[in-house]
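**Q** generate coordinates for the sequence data below:
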Amino acid sequence: MEEKYWKVVCGYGHVGQRNEVSVARYLVTGKDAKLLDVYALASQMPGVKHRGVRTAHPISKEAYIKGKTEEKNNFYLQKLMTFQEENSNQTA
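**A** Predicted structure coming up:
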């Protein structure tokens with residue numbers, strides 16, 4: 001299966017009134033995915049503000065791999081994922 005790689009910059013909320021943190025996310029889709037498909041996918045990711053997708057564009061597989069490494073080192077995403085895990089454990 002062929003894949004398409006994307007860099008999507010999303011605005012995340014809950015960092016103060018009218019403030020946000022912009023974070024680059026790296027996504028992989030099927031080769032037939034269009035920009036609007038990626039926009040819809042990214043806008044439904046946890047923590048992304050309403051109308052929070054700032055930019056999205058296709059990238060190479062090498063850029064995707066490098067970007068996923070950067071995601072793992074992103075402090076804001078680490079905290080977001082930790083918070084989600086804690087909440088899912090409390091509701092279970």
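**Q** in space, what's closest to residue 61 - neighbours in sequence excluded?
**A** residue 5 (5.6 Å; CB to CB, 6 or more residues apart in numbering). Bear in mind the C-beta positions are built from the backbone N, C-alpha and C, glycine included.
**Q** run a quick neighbour tally on that neighbour.
**A** The tally of other residues near residue 5 (other CB atoms under 10 Å) stands at 18.
**Q** now the strand or helix carrying it, how far from the chain's geometric center?
**A** If you go by DSSP states H and E, residue 5 is part of strand 3-12. Offset of strand 3-12 from its chain centre (CA atoms, centre = their mean, to the nearest Å): 6 Å.
**Q** what packs against the lengthiest strand in the chain?
**A** When the chain is parsed with DSSP state E, its longest strand is strand 48-59. Contacts of strand 48-59 with other secondary structure elements, assessed using 3 or more CB pairs under 8 Å, 6 or more residues apart in numbering; DSSP states H and E, are made with strand 3-12, helix 35-43.
**Q** okay, and the beta partners of the residue most central in space within the chain?
**A** Ranked by distance to the mean C-alpha position of the chain (CA atoms, centre = their mean), the top residue is residue 25 at 3.7 Å. Judged by DSSP bridges, the bridge partners of residue 25 are residue 8.
**Q** surely it touches residue 71?
**A** Yes - when contacts are counted by CB atoms under 8 Å, residue 25 is listed as touching residue 71 (6.8 Å).
**Q** which stretches of the chain have low pLDDT?
**A** Counting by pLDDT under 70, the chain has low-confidence residues at 1, 14-16, 79-92.
**Q** kindly provide the distance from the residue nearest to residue 61 to residue 19.
**A** Remark: distance between residue 5 and residue 19 (CB to CB, to the nearest Å) = 30 Å.
**Q** please apply the same query to residue 40.
**A** In this structure, residue 40 lies at 25 Å from residue 19, with CB to CB as the measure.
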